[in-house]
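Asker: Here is the input, now give the coordinates:
(chains A and B)
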Number of protein chains: 2
Amino acid sequence: MTGDASDAERFVEIDDPDDPRIEAYRAIRERDLVGRDESFIAEGAVVLDVLLRLSRFRPQSLLVAENRKDAALTLLAETGTACPVYVASKPVLDAIAGFNIHRGLLAHGHRGPLPDWQSLVPPPDRPALLVVLVGLANHDNVGGVFRNAAAFGADAVLIDSTTCDPLYRKAIRVSVGGSLTVPFARFSDIGALCAHLDDAAVTSLGLATSGSEELAHLVPPQRAAVFLGAEGPGLPDRLLSRIRTVRIPMAANFDSLNVATTAGIALHHLRSAPVRPAQ
Amino acid sequence: MTGDASDAERFVEIDDPDDPRIEAYRAIRERDLVGRDESFIAEGAVVLDVLLRLSRFRPQSLLVAENRKDAALTLLAETGTACPVYVASKPVLDAIAGFNIHRGLLAHGHRGPLPDWQSLVPPPDRPALLVVLVGLANHDNVGGVFRNAAAFGADAVLIDSTTCDPLYRKAIRVSVGGSLTVPFARFSDIGALCAHLDDAAVTSLGLATSGSEELAHLVPPQRAAVFLGAEGPGLPDRLLSRIRTVRIPMAANFDSLNVATTAGIALHHLRSAPVRPAQ
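Answerer: As a prediction, the model looks like this:
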């Protein structure tokens, strides 16, 4: 444990919900709905641990409940983080946020600029495992995909313009911080993306119930990109007609998998399946 | 389309939220919290389609919004279902349920008695794929497991006394009806369960981060039971010490998978992995 003096200096007591220093945490849900162009809010001990330990983001500040000061101190000490820590009583905290913050631990971070998607494709002499999301409008699903991308060590997630924000508060929470650690970028032209992946010797694999290859029999390519569409519509036909397509066999009367689960199954196979020798 | 007369007979207009005929639908959330020993509520077109077409349950009635009458008629006609259909305006529907029923389609069913878990183990001359849940207290996760169990055609899900109710409304919704189709039963003594599975030549496989075998290299047994514990605590040590244990390799700094995703990955492997010839 670090000395009392420096610990005490880190904490800034907040008594007034209107204090301008905690502006970033005010009316969290309303701000979530409007969208946060520049910043994000992360919550809970597990996610904050990922934020401070593993992510490419540095927090601007923390806002914690009185009874979580020790937890915050431990997090900061273990991760060598230096940032202001605002402390409020539970009623003040809830008044700031606009609802019951039962986890009692919040962090505010700056997003910074998104990288170019081209920069996230590993160089040709290295293995590559990418996830490409097309039209995923559900924050739980996007968060779930990032959790799996983090667990299976994907290099990056590339998302189209209609896929929702991986740094939305709920997406961060569902990802257990995965969307803070796995690099991501947006692309606007899926044709240009496919052409670039071809040129970069990355095999594009589209998951579809109509896929022509069975996932379990697929020999994992050294460099692969897994394309996933929304539950229901799936990936667009014009995309499926130009890339290799892969299916996961399911019960005839119940061919319904969650898209994050599909990502997990595909990433597990690509990461772990034994590469069979050439015939 | 069936005749107008019989269609008209099926519909019972409800104008009064206190009408005793729709008692089962009243104060849905409060009743969810208290628990429904005898009945369940299913909601939404996709889940009702599974309920009417595939499940082992028959609905006692439907309660639908005025603007969903056609959807209800189609469902009933396509599945040959005969049961009372109560129709209410949106305000009356919301007043009955106690919140905004935006899907506008509800069904009420009787659970009937749970089978003995022993009866759900397929006979020894048949393949078997079982899922065993230990301590899953989260309805989303239980629903997600049932969705995957349905998609991969598991024979049954056996749940311990601390795992939450698969017929809880949210669990049904997340399962996309899977918990209405996959048979399930509760067991009280996990030691007795393991002994029974041994006697029945079912291979018990415990998923654990410390598992001694890697899932991707596991040759799927003809008869298998996949044991899953809650995220965090996982399966109890005394269980893991007596069954085969299987791990899913993950990134060293992010070894965190959702338990329903874990179920999906394991079931996919057991269903689809090529059985390698003996050496």
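Asker: which one is the residue of the stretch 101-250 of chain A found nearest chain B nearest to, not counting chain neighbours?
Answerer: Per CB to the nearest CB, A:Ala216 is where the stretch 101-250 of chain A lies closest to chain B, at 3.6 Å. Every residue, glycine included, has its C-beta placed from N, CA and C. In this structure, A:Ala216 finds its nearest non-sequential neighbour in B:Ser272, 3.6 Å apart by CB to CB, 6 or more residues apart in numbering or on different chains.
Asker: Backbone dihedrals for A:Ser61, please?
Answerer: phi -170, psi 170 (degrees, to the nearest 10).
Asker: The residue nearest to it when sequence neighbours are not counted - how many residues pack around it?
Answerer: The spatial neighbour of A:Ser61 that comes closest, neighbours along the chain excluded (CB to CB, 6+ apart), is A:Pro84 at 4.5 Å. A:Pro84: 16 surrounding residues under other CB atoms under 10 Å in any protein chain shown.
Asker: need the contact list for A:Pro84.
Answerer: Going by CB atoms under 8 Å, 6 or more residues apart in numbering or on different chains, A:Pro84 touches A:Arg10, A:Val12, A:Arg21, A:Gln60, A:Ser61, A:Leu62.
Asker: same thing with A:Ala42?
Answerer: Each residue near A:Ala42 by CB under 8 Å, 6+ apart is listed here: A:Leu48, A:Leu51, A:Pro59, A:Leu106, A:Ala107, A:Gly109, A:Arg169, A:Ile172, A:Arg173, A:Gly177, A:Leu180.
Asker: now A:Ser188, what's its secondary structure?
Answerer: Here A:Ser188 is recorded as coil under DSSP: H, G, I helix; E, B strand; the rest coil.
Asker: name the element the spatially most central residue of chain A belongs to?
Answerer: With distances taken as CA atoms, centre = their mean, the residue of chain A nearest its centroid is A:Ser179 (1.7 Å). Applying DSSP states H and E as the criterion places A:Ser179 in helix A:178-181.
Asker: chain center to that helix, what's the gap?
Answerer: With CA atoms, centre = their mean, to the nearest Å as the basis, helix A:178-181 stands 4 Å off its chain's centre.
Asker: what's the average pLDDT for it?
Answerer: Per-region confidence: helix A:178-181 scores 97 on mean pLDDT.
Asker: burial count for A:Ala77?
Answerer: 13.
Asker: Likewise for A:Val219?
Answerer: A:Val219: 11 surrounding residues under other CB under 10 Å.
Asker: ok, and the residue nearest to A:Ile190 when sequence neighbours are not counted, which helix or strand is that part of?
Answerer: Nearest residue to A:Ile190, sequence neighbours excluded (CB to CB, 6+ apart): A:Leu239, at 6.1 Å. Per DSSP H and E: A:Leu239 is located in helix A:237-240.
Asker: which other residues reach that helix?
Answerer: A:Val134, A:Ile190, A:Cys194, A:Gly206, A:Ala208, A:Ser210, A:Phe227.
Asker: make it 6 Å
Answerer: Under the criterion CB atoms under 6 Å, 6 or more residues apart in numbering or on different chains, residues A:Gly206, A:Ala208 lie in contact with helix A:237-240.
Asker: Equivalent analysis for stretch A:188-196, please.
Answerer: Against stretch A:188-196 from outside (CB under 6 Å, 6+ apart): A:Ser161, A:Phe187, A:Ser204.
Asker: Separate out the buried members of those residues.
Answerer: Using 16 or more other CB atoms under 10 Å in any protein chain shown as the burial test, these include A:Phe187, A:Ser204 as buried.
Asker: In TSV: the contacts of stretch A:188-196, plus pLDDT.
Answerer: Formatted as TSV, the contacts of stretch A:188-196 follow (pLDDT from 0 to 100):
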residue	pLDDT
A:Ser161	96
A:Phe187	98
A:Ser204	98
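Asker: Distance of the nearest residue to A:Pro166 once chain neighbours are set aside relative to B:Val157?
Answerer: Closest residue to A:Pro166 apart from its sequence neighbours, by CB to CB, 6+ apart: A:Ser179 at 3.8 Å. Distance, A:Ser179 to B:Val157, using CB to CB, to the nearest Å: 31 Å.
Asker: With A:Gly80 instead?
Answerer: For A:Gly80 relative to B:Val157 (CB to CB), the value is 45 Å.
Asker: who's more crowded, those two?
Answerer: B:Val157 (28 against 8).
Asker: Can you give me the pLDDT of that one?
Answerer: You'll see B:Val157 listed with a pLDDT of 98.
Asker: I'd guessed A:Ala24 sits against A:His108; true?
Answerer: Yes: counting by CB atoms under 6 Å, A:Ala24 does reach A:His108; the two are 4.2 Å apart.
Asker: Select, from the contacts of A:Ala42, the two members most distant in space.
Answerer: Longest distance between any two of the contacts of A:Ala42 is 15.7 Å, between A:Pro59 and A:Arg173; criterion CB to CB.
Asker: returning to that earlier point: just to check, the residue nearest to A:Ala216 is in contact with A:Leu218?
Answerer: No: the pair B:Ser272 / A:Leu218 is not scored as a contact, 10.6 Å apart, by CB under 6 Å.
Asker: Quick one: residues contacting the nearest residue in space to A:Gly234 that is not next to it in sequence.
Answerer: Using CB to CB, 6+ apart and skipping residues adjacent in sequence, the residue nearest A:Gly234 is A:Ala208, 5.6 Å away. By CB under 6 Å, 6+ apart, the residues touching A:Ala208 are A:Gly234, A:Leu235, A:Leu240, A:Thr245.
Asker: Based on its surroundings, how many neighbours for the residue nearest to A:Ala216?
Answerer: So B:Ser272, with other CB under 10 Å, has 18 neighbours.
Asker: before we move on, what about A:His102?
Answerer: When neighbours are defined as other CB under 10 Å, A:His102 has 10 of them.
Asker: With B:Asp189 as the reference, measure out to it.
Answerer: The value you get for A:His102 to B:Asp189, if CB to CB is used, is 35 Å.
Asker: tally of neighbours for A:Arg111?
Answerer: Using other CB under 10 Å, A:Arg111 has 13 neighbouring residues.
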